[in-house]
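# need a structure here:
(one chain, ligands or ions: 2)
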Amino acid sequence: MEKLTYTHNEAAAKVLASFYDTPPLAYVRSYGCQQNVNDGEKIKGVLQDVGFGLCDNVEHADLILFNTCAVREHAEQRVFGNVGALKKLKEQNPRLIIGVCGCMAQQAHIVEKLRQSYPYVDLVFGVDGIDRLPAMLAERISRGKRYLEKPEERNAVVEEMPIRRDSGFRAWLPIMYGCDNFCTYCIVPYVRGRERSREPAAILAEFKELIAQGYKEITLLGQNVNSYGKGLAEKVDFSDLLNLLCTVPGDYQIRFMTSHPKDASRKLIDTIAAQEHLCKHIHLPVQSGSDRLLKEMNRHYTVAQYMDLVDYAREKIPGVTFSSDIIVGFPGETEEDFEATLDLIRKVGYMQLFTFIYSKRTGTPAAKMDDPTTHAEKAARMDRLLKTQDEFAFAATAAMAGQTVRVLVEAAGRTPGTVNGRLDNNLVVEFQAPECLIGQWAQVHLTGSRAALLVGELVRE
Ligand code: 5AD
Ligand code: SF4
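Ligands and ions are numbered 1, 2, ... in the order given. Coordinates of the predicted model:
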């Protein structure tokens, strides 16, 4: 694996400065997972490093960049729709640069489609191109020709990338890139390449900097954080990394995602139990409650093994809560398989579920499997699943009334005069408080709930 350090590209900055009369503005939009959002923050940092300002209106932009997601077809269609809508802007302003990057651009058939059917797209590059973005822009400008990169795997980790974070109190911190698991439905291992862990020292340095800057919640990111450390010279696993980060003094909390059940160890659960800084909430995507389908999905665990883990966590971590990802309508899913999933979600009692109807991804093994179930049937199953989940989650949320909890206030609430705070267990409470509390800790007395939203009152200390 190549280890690289970002360096400012002065030559590219000069090309850009001479092309634009006034400092140019960039509009960057990221789709999909937190990893991609974090990539978007780096894209903004890199653009600022070579003289761009940022804007949130495409009509003011000199550069429009869509940082895309490929995990489901719907996400891809949205991007094509949004790119299509820019044609007019480009006709009005031929100097406008339009770019598509990220996971979609990592697939050859998508790059080909952009090349042929979207001639006004100037710039296409994959997930590993962010540090080279200034050079690509300079190339596009100097040559006056489209710059479309062929998808390639780079197998590198680039450190010290400039970053413009979206929040001043909640930060994403990638600890590894790529995925080696090849779940049969998933495109991620093909677009994000092989697993690469960052050095503990680099992660610790970034973490310390975030805490020094006043960040209160850090979410560690990786497609499978539980395989952190594989391939590093230093013998270190994910629990070791968590323990290392928790030595940093300060008033902060740590979350992480995603934790693959096949690699979630008892050591990890013991670590969560022992460390105060770690949220007592585990996102543990199960995908299905049918052993037959778990095997077809190449998940490498059974429902019984998954339940063992959940039971162990319940025993060791008082009050622990779980969330999960579920795929409905995987090829060949029978009514029996689906009911096994319903059983599992009743048994675990998840605080939150992220549910997806299976989406066929070209190039994955599942795309070749027989899929006789109609979309209407799958949608009906999804409705049943959501109903089952809501019954549990709404009741569990309501049952929290009476507790006083500490929350991180993260945004204005829907009801005027209120703010939303996030609990350790990832639920959100709405309460009356001034917006100046956003980004701060608050004590809230929970008084009730509306569906999955808690309501409460600020406790004045
Ligand atoms: N179809 C539907 N859902 C998918 N996911 C990943 N690939 C697919 C697909 N092809 C879901 C999984 C994963 C989450 C991030 O997205 O549930 O955990
Ligand atoms: Fe996809 Fe499975 Fe890797 Fe997650 S662990 S990114 S679902 S292949």
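# make it CA atoms for all contacts and neighbour counts henceforth
Will do.
# which helix in this structure has the most residues?
helix 375-398 (DSSP state H).
# okay, buried residues for that one please.
378, 381-382, 385, 388-390, 392-394, 396-398 (16 or more other Cα atoms under 10 Å).
# now do stretch 303-316
For stretch 303-316, burial by neighbour count (16+ other Cα under 10 Å) applies to 303, 306, 309-310, 313, 316.
# from the contact counts, what lies against the longest helix of the chain?
Here helix 375-398 touches strand 321-328, helix 335-348, strand 352-357, strand 441-450, strand 453-458, going by 3 or more Cα pairs under 8 Å, 6 or more residues apart in numbering; DSSP states H and E.
# tell me what the next helix-or-strand element following that helix is packed against?
Once the chain leaves helix 375-398, the next helix or strand it forms, by DSSP states H and E, is strand 404-412. Applying 3+ Cα pairs under 8 Å, 6+ apart, one finds that strand 404-412 contacts strand 418-422, strand 441-450.
# try 10 Å this time
Packed against strand 404-412 by the contact rule (3 or more Cα pairs under 10 Å, 6 or more residues apart in numbering; DSSP states H and E) you find strand 418-422, strand 428-432, strand 441-450, strand 453-458.
# just the residues contacting the first one, thanks.
It stands for strand 418-422. Under the contact criterion Cα atoms under 10 Å, 6 or more residues apart in numbering, strand 418-422 has outside partners 405-414, 427-444, 453-457.
# buried ones among these?
Counted by 16+ other Cα under 10 Å, the contacts of strand 418-422 give 405-413, 427-433, 435, 437-439, 441-444, 454-457 as buried.
# and stretch 187-201, C-alpha only, in PDB?
The C-alpha coordinates for stretch 187-201 follow below in PDB (Å, rounded to 0.1, in the frame of the first residue of the first chain):
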ATOM      1  CA  ILE A 187     -21.000  -2.800  -4.900                       C
ATOM      2  CA  VAL A 188     -18.700  -1.200  -2.300                       C
ATOM      3  CA  PRO A 189     -15.800  -3.600  -2.500                       C
ATOM      4  CA  TYR A 190     -15.700  -3.000  -6.300                       C
ATOM      5  CA  VAL A 191     -15.800   0.700  -6.100                       C
ATOM      6  CA  ARG A 192     -13.900   1.400  -2.900                       C
ATOM      7  CA  GLY A 193     -11.200  -1.200  -3.300                       C
ATOM      8  CA  ARG A 194      -9.300  -3.300  -0.800                       C
ATOM      9  CA  GLU A 195      -9.200  -2.600   2.900                       C
ATOM     10  CA  ARG A 196      -6.500  -0.100   4.000                       C
ATOM     11  CA  SER A 197      -6.100   1.000   7.600                       C
ATOM     12  CA  ARG A 198      -4.700   4.300   8.600                       C
ATOM     13  CA  GLU A 199      -1.800   4.300  11.100                       C
ATOM     14  CA  PRO A 200      -2.900   4.700  14.700                       C
ATOM     15  CA  ALA A 201      -0.600   7.700  15.100                       C
END
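# check which residues of stretch 233-251 are buried.
237-243, 245-246.
# re the thing from before, using JSON lines, lay out the helices and strands packed on helix 375-398 together with distance to ligand 2.
Shown next, in JSON lines, are those (distance: least, Cα to the nearest ligand atom, whole Å):
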{"stretch": "strand 321-328", "distance to ligand 2": "9"}
{"stretch": "helix 335-348", "distance to ligand 2": "17"}
{"stretch": "strand 352-357", "distance to ligand 2": "12"}
{"stretch": "strand 441-450", "distance to ligand 2": "32"}
{"stretch": "strand 453-458", "distance to ligand 2": "28"}
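# pLDDT weak spots in the protein?
Across the chain, nothing is flagged by pLDDT under 70.
# how about the residues of it by ligand 2?
Residues of the chain lying near ligand 2 by Cα under 6 Å from any ligand atom: 179, 181-183, 186, 188-189, 223-224.
# of these, which is the nearest to Val111?
Val188 (16.7 Å; Cα to Cα).
# how near is the closest one to Ala274?
33 Å (Cα to Cα, to the nearest Å).
# follow-up on the earlier one: of all the buried residues of stretch 233-251, which comes closest to Cys103?
Phe238 (25.4 Å).
# wait, the closest one sits on Ile175?
Yes - using Cα atoms under 10 Å, Phe238 makes contact with Ile175 at a distance of 9.4 Å.
# who's in contact with Glu153?
Taking Cα under 10 Å, 6+ apart as the test, what Glu153 contacts is 106, 126-128, 190-194.
# please identify which two of those residues are farthest apart in space.
Gly126 and Arg194 (14.5 Å).
# quick one: neighbours of Val348, just the number.
By the measure other Cα atoms under 10 Å, the count of residues near Val348 is 15.
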